[in-house]
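1. Fold the following.
(2 chains, ligands or ions: 1)
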Amino acid sequence: MAETPVADIHPPYLYPDYNSTRLRAPSQPLVRVAPSPLETAGPAFPKQFVKDSEADLTTWGRSAPLGEKMVLVGRVLDEGGRPVRRSLVEVWQANASGKYPHPVDDHDAPLDPNFLGKGQLLTDDEGRYRLVTVKPGAYPWQNHAFGWRPAHIHFSLFGNAYAQRLITQMFFPGDPLLAIDPIFQSVPEAGRSLLIAVLDLEHGIEGVALGYRWDMVLRGPRATPMGV
Amino acid sequence: MAKPTPSQTVGPFFARELLWKDGGTVLFAGRGERITLTGCVFDGVGAPIFDALFETWQADPAGTFPSGDDGARPYGYGRVSTDRDGRYAIETMMPGPFKGPGGETYAPQISVSIFARGLLKALRTRVFLAPLDAIKDDPLARAIGDTTRLRTLIAARDPRDPKIYRWDVRLRGAGEAVFIEL
Ligand SMILES: [Fe+2]
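-> Below is the predicted model of the structure:
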């Protein structure tokens, strides 16, 4: 088959340029097993688990948050192109100045009282989602001298099966910091473009918000590892 | 075939965003034996990992996969972060064994995912809530083979409090837990 094996899409556990991997990456190879029937099932999130308002991160405060307002649309699909329906998508991000409202974030940048940077939604019957937010700022980190994380939005997906569970990050097109970010660069070249949203102005709000599009693809719930 | 979206680290800043109220108390539709799975997560030099997201998914005491919810949260799923000592605790019920598609028996177990800063992909595994001689026919136990490695996935029942199952997880180096690729 001419397809890129999954192993060439995901980053390795050990990526020494990202310092924290050195003491946390397992040294033994993973044991390959077929997903158990438990793992091809998954938790059922009730519709009331999410509120519609949680897909709009800009309405949390008393007034609008600072920053460049944006709409992100896309679909969650499986490897066969089938929509992943009514599945939980959680997002979190820094505010427009690159600050998280988190006790261990010591970046000397202002918090925004009108921005919490946290949202969630369920995909619709077509696997579609729509998120309204502000573009997060880049922020410095201690991994290496002059290190800055490119702007990114964190995503957590449940899919429809425990085996599909994925946490990842979405990046922005044309960001020069991508080239120096070991977390992004840990992804093999064949996979990197899959983490970058595309500008999609028509899904924005005229005169108000920029539009971006980003699709996510989860493994098939019953897929077995290559060669098994 | 579409290419799957690559994984990225959860990073250090998830605590306010992903944790659920009472996420360490796993809900079920019915009643059963309440147990607590608890332990610490350690890195390659034995230091506690204080910023991991620890998630569990399991069958109910009858070996049935939870499919409902209590109106607020799904049944069968646990989610906590480790604390300063690397400790996690999941209050749940004893899962029952279940059958695979080929008739194989899965021993009482909990599927675990660990996410953390420095983990570019989730670490996945299964922790057994039964002693070594009771899990030998489990598909993962067979795939591992080596008893020393298999023991890294067996939670030990606390002799003073039989409701407590202790399972420490070493991500790297001596005593490294077995992690799986599904
Ligand atoms: Fe981040």
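2. In contact with the closest residue to B:I114 other than its chain neighbours, which residues?
-> Nearest non-adjacent residue to B:I114, counting by CB to CB, 6 or more residues apart in numbering or on different chains: B:L123, 4.4 Å away. Every C-beta, even on glycine, is put in place using the N, C-alpha and C of the backbone. With contacts defined as CB atoms under 8 Å, 6 or more residues apart in numbering or on different chains, B:L123 is in contact with A:13, A:26, B:113-115, B:171, B:179.
3. Can you lay out these as a markdown table showing distance to A:D215, neighbour count and secondary structure?
-> Listed next are the contacts of B:L123 as a markdown table, based on distance: CB to CB, whole Å; neighbours: other CB atoms under 10 Å in any protein chain shown; DSSP: H, G, I helix; E, B strand; the rest coil:
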| residue | distance to A:D215 | neighbour count | secondary structure |
| --- | --- | --- | --- |
| A:Y13 | 26 | 20 | coil |
| A:P26 | 30 | 20 | coil |
| B:S113 | 23 | 17 | strand |
| B:I114 | 27 | 23 | strand |
| B:F115 | 22 | 23 | strand |
| B:L171 | 32 | 24 | coil |
| B:F179 | 28 | 23 | coil |
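4. Just give me the closest of those residues to B:G68.
-> B:S113 (21.3 Å; CB to CB).
5. is that closest one in a bridge, and if so with what?
-> B:E55, B:R124 (DSSP bridges).
6. gap between it and A:P182?
-> B:S113 is 23 Å from A:P182, where distance means CB to CB, to the nearest Å.
7. helix, strand or coil for the closest residue to chain B within chain A?
-> For chain A, the residue closest to chain B is A:S20, as judged by CB to the nearest CB, at 2.9 Å. Of the three states, A:S20 takes helix according to DSSP: H, G, I helix; E, B strand; the rest coil.
8. I figured it was touching B:L120, is that so?
-> No - assessed by CB atoms under 8 Å, A:S20 is found out of contact with B:L120, at 9.5 Å.
9. More neighbours: those two, which one.
-> B:L120 (25 against 22; other CB atoms under 10 Å in any protein chain shown).
10. now the helices for chain A?
-> Using DSSP state H, the helices assigned to chain A run over residues A:37-40, A:182-185, A:189-192.
11. should've said chain B
-> B:15-18, B:139-144, B:147-150.
12. Let's check: the centremost residue of chain B is which one?
-> B:V112 (2.9 Å; CA atoms, centre = their mean).
13. Would you point out which residue of chain B is nearest chain A?
-> B:G118 (2.9 Å).
14. Tell me the confidence at that residue?
-> Looking at B:G118, its pLDDT reads 98.
15. Correct me if wrong: it contacts A:T21.
-> Yes - the pair B:G118 and A:T21 qualifies as a contact (CB under 8 Å) at a distance of 5.1 Å.
16. Is it possible to get TSV of the helices of chain B that adds distance to A:P83, mean pLDDT and mean neighbour count?
-> Below are these laid out as TSV (distance: least, CB to CB, whole Å; pLDDT from 0 to 100; neighbours: other CB atoms under 10 Å in any protein chain shown):
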stretch	distance to A:P83	mean pLDDT	mean neighbour count
helix B:15-18	24	86	18
helix B:139-144	31	98	18
helix B:147-150	39	98	13
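17. Go through those helices and name the closest to B:P97.
-> The nearest among those, by CB to CB, is helix B:139-144 at 11.8 Å.
18. Return the alpha-carbon coordinates of the strand ranked longest in chain A using CSV.
-> Looking across chain A with DSSP state E, the single longest strand is strand A:69-78. Extracted in CSV, the C-alpha atoms of strand A:69-78 (Å, rounded to 0.1, in the frame of the first residue of the first chain):
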residue,chain,number,x,y,z
LYS,A,69,-12.0,37.3,16.9
MET,A,70,-12.2,34.2,14.9
VAL,A,71,-14.6,31.4,13.9
LEU,A,72,-13.2,27.9,13.5
VAL,A,73,-15.2,25.3,11.6
GLY,A,74,-14.4,21.8,10.6
ARG,A,75,-15.4,18.2,10.8
VAL,A,76,-14.3,15.2,12.8
LEU,A,77,-14.0,12.1,10.6
ASP,A,78,-12.6,8.7,10.9
